[in-house]
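# got a sequence here, can you model it:
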Amino acid sequence: MARGHRQIEHVLRRAGFGASVEDLASFEGLSLPVVTDFLVNIDEDEDVDRLIGAPGRVQVTTRGAFSPNTNIEDARQRWLFRMVHTGSPLREKMALFWHNHFATAYSKVAAFAGAQQGARMMAGKPGEVPGPPGQIELFRRQALGSFRDLLVGVAKDAAMLVWLDGRTNTRQRPQENFAREIMELFTFGLGNYTEQDVYAAARVFTGWNLQAVGNVRTPSGYYEFLFRPEQHDTAEKTFTFPVYRDGRRTIPARSGDAGMQDGLDFINALATHPNTARRLARRLWEFFVSETAQPPSSFVETAAEIYLQNRTEMRPVVRYILRSAWFNDPANYYARYSWPVEYVVRAVKEMGWSGYSIDNARTPLTNMGQTLFEPPDVAGWALGDAWFSTGAMLARMNFAASLAFNQKFNLGRASRAFADTPERLLEYFLDRMSPADYDGEPFAELLDYLQAGEPWTGSEAQLNVKAPGLARLIAGSAEYQLV
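Numbering: from 1, shown residues only. Take a look at the predicted model:
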């Protein structure tokens, strides 16, 4: 079982959302480099959405027609379904990373565009609805692609143009919100720019606006990016840091028709700045390697160099991280706190989903502190041990109990071959659910739970009680809150 493949478990928790019994079987006998290459080489042709509603998969709950392109609750279900069943888990994991990095909240987008258009701007899937891809589809498509291209896509993204008010950025009234955050949060961070740079950057993006195409009150209408030359500030813009490779700090004056190049030059400067490379390296360390240890300077500098040498492509950087000695050091196993969505998807994959609707996870996720498409502010969610308030931990435990009860007969049947003794049953569930190692006292308490009550027989009736109860205790334990 899984305890014999701790390295594989580890990479599937960090570069995915954990592993079902079937997932582990599919990797049986494969070396760690082969598994890593499989994860990094995303299947671009995969269409996991075609499995929604199919037998043998986690289910969704419909309220009328299932419409994840225009209903945000259905969009949340679709993304959770993808996380559970995708054959390219690193795509969804990186999409989640970018969702937090470029944090954008549906509520503000919907307040401007209406509920249906807001959902489309956040999650619309190309080919299923007209108009540009929703923001999460941009993140999925660019999951391991060029960060520079992703920045351009974000700057032109309809949801972002609403969220950070780019739609109102004109030469008469430059809007500074996006200009500030693209430097402070999206690229090289605080300490690398001044207020002068914020104002100059706002002028760079004047005219990067939004337009309605058709009747946006109907399914055929939509919003999309539009560059308005007449609204662009054509004067030169000077920064306190180099914009061009030759050291020039001034973007030259350009006509309105050529003014979009200002933004492209500026984005290129930010994306290729060494401090952007280092900041991304540190964020990826926290996401993939450890939240409890600081990244060594050698890690940061090497990851940054790979990023710059590969023209901001993320795939070589992530491949380097997953193959690094730091990532594969057992001391860094379980060294990151599980985000609520990671916790929920992992529990579903490890306990099972037969007869379960992923819609049942939406409210618990909110109670745990994470509603997909609704980060609290532009800085994203507070990470690390900030996830673990008393109420949030109670929500995790309640979710574990609800899921285990839903799966009780499936868990009982699956564990029957390991039910000859309480010790063997406990070993089976620790294998199946892969928590961090328990110290002596918590381990003894789990065994005491199995041995409490009537003498152990391993009967069907006993398993139908003890198996889900044990799964609930493991998933609700402190050891399970780490990935």
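# nearest spatial neighbour of M314, skipping sequence neighbours?
Nearest in space to M314, with sequence neighbours left out and distances taken as Cβ to Cβ, 6 or more residues apart in numbering, is L144 at 4.7 Å. For every residue, glycine as well, the C-beta is placed using N, CA and C.
# tell me which helix or strand the one you found sits in.
For L144, there is no host helix or strand (DSSP states H and E).
# do A277 as well
Short version, using DSSP H and E: A277 is in helix 274-288.
# who does that helix touch, helix- and strand-wise?
Secondary-structure packing of helix 274-288 (3 or more Cβ pairs under 8 Å, 6 or more residues apart in numbering; DSSP states H and E): helix 89-101, helix 297-309, helix 314-323.
# quick revisit: my read: the residue nearest to M314 touches N310, true?
No. Applying Cβ atoms under 8 Å, one finds L144 not in contact with N310, separated by 11.0 Å.
# just want to know which of the two has more residues nearby.
More neighbours surround L144 than the other of L144 and N310, with 18 against 14 (other Cβ atoms under 10 Å).
# state the distance from the residue nearest to Q196 when sequence neighbours are not counted to R203.
Leaving aside its chain neighbours, Q196 sits nearest to T240 (6.3 Å; criterion: Cβ to Cβ, 6+ apart). Here T240 is placed at a distance of 15 Å from R203 (Cβ to Cβ, to the nearest Å).
# not counting sequence-adjacent ones, nearest residue to the spatially most central residue of the chain?
With distances taken as Cα atoms, centre = their mean, L96 lies nearest the centre of the chain, 1.1 Å away. Nearest residue to L96, sequence neighbours excluded (Cβ to Cβ, 6+ apart): V341, at 6.7 Å.
# contacting residues for that neighbour?
L80, M83, L96, L365, Q370, L372 (Cβ atoms under 8 Å, 6 or more residues apart in numbering).
# at 10 Å what do you get?
17, 76, 79-80, 83, 92, 96, 99, 361, 365, 368, 370-372 (Cβ atoms under 10 Å, 6 or more residues apart in numbering).
# what does E305 give?
P274, A277, R278, A281, V317, Y320.
# all strands for this protein, in order.
Taking DSSP state E, the strands of the chain run over residues 208-213, 222-227, 237-238, 250-251.
# so which of these gets nearest D43?
strand 222-227 (28.3 Å; Cβ to Cβ).
# that closest one to strand 208-213, inter-axis angle?
Per axes from the mean of the first three to the mean of the last three Cα atoms, to 10 degrees, the angle that strand 222-227 makes with strand 208-213 is 140 degrees.
# contacting residues around strand 222-227?
109, 112-113, 117-118, 120-121, 124, 129-132, 153, 155-162, 166-167, 205-216, 256-257, 259-260, 263.
# coming back round to it: overlap in contacts, L144 and N310.
With Cβ under 10 Å, 6+ apart as the test, L144 and N310 both reach P316, V317.
# ok, and the helix or strand in the chain with the lowest average confidence?
Ranking every helix and strand in the chain by mean pLDDT, DSSP states H and E puts helix 21-26 at the bottom, with a mean of 90.
# please export the C-alpha coordinates of that one as PDB.
The C-alpha trace of helix 21-26 is given here as PDB (Å, rounded to 0.1, in the frame of the first residue of the first chain):
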ATOM      1  CA  VAL A  21      -6.200   3.700  -4.400                       C
ATOM      2  CA  GLU A  22      -6.600   3.600  -8.200                       C
ATOM      3  CA  ASP A  23      -4.200   6.400  -8.600                       C
ATOM      4  CA  LEU A  24      -1.500   4.700  -6.600                       C
ATOM      5  CA  ALA A  25      -2.100   1.500  -8.500                       C
ATOM      6  CA  SER A  26      -1.500   3.300 -11.800                       C
END
